[in-house]
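Task: produce atomic coordinates for the following.
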Amino acid sequence: MSYSIFLLRFVDGEVVALDAEQFRHVTEPYVVAGGPEEGFSQLRVEDGGEADLYHEPRGESGMLCVTATHFARGAMFGVLARLAAALGASIVPQDGEALIFHESERRHLPAELQGNAVAIAPTEDALQAAFDAH
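From the prediction side, this is the model:
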């Protein structure tokens, strides 16, 4: 069974495009298959952990969502946290509360996500702790 998290950037409750160049900059050192133009990237980090990222390019406007599946804990959590922070995105688990990096981002979330959102640091340890808490 696969578990998914979504990296989404919100402005005034609406999903807005993610910066494809920032995506490339953060993920490029870890890509072992696929790539930004293909809509799929498989990443591998220094501790051997992997993740599958799905990202639909949207022309000049970037991409609307990055979906991470089959991701390992450990160093991959650090990459995912850095990626979300670089994109200005919230991390929205398929069955949990939104994770934000600055309290000021809460007001931009859709109303249904605002109340339970959790502010964390954009680090491996903070993301691991947030997942362990649920």
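
make it CA atoms for all contacts and neighbour counts henceforth
Noted.

pull the longest helix from the chain.
helix 75-87 (DSSP state H).

So for stretch 28-38, what gets flagged as buried?
30-31, 35-36 (16 or more other Cα atoms under 10 Å).

Can you say which two of these are spatially most distant?
Taking Cα to Cα as the measure, the buried residues of stretch 28-38 span a maximum distance of 12.3 Å, between 30 and 36.

What is the nearest of the buried residues of stretch 28-38 to residue 48?
residue 30 (10.5 Å).

The closest one: what's it in contact with?
By Cα atoms under 8 Å, 6 or more residues apart in numbering, the residues touching residue 30 are 43-45.

now residue 73
Contacts of residue 73 (Cα under 8 Å, 6+ apart): 49, 128.

cool, and residue 64?
Contacts for residue 64 (Cα under 8 Å, 6+ apart) come out as 8-9, 15-18, 55-58.

for it, phi and psi?
When read as degrees, to the nearest 10, the backbone of residue 64 gives phi -90, psi -30.

And for the one 5 residues further on?
Its backbone dihedrals place residue 69 at phi -130, psi 170, with angles given as degrees, to the nearest 10.

could you say what helices and strands the worst-scoring helix or strand of the chain on mean pLDDT packs with?
When each helix and strand of the chain is scored by mean pLDDT, DSSP states H and E, strand 50-57 comes last, with a mean of 89. On a contact count with 3 or more Cα pairs under 8 Å, 6 or more residues apart in numbering; DSSP states H and E, strand 50-57 meets strand 40-44, strand 63-69.
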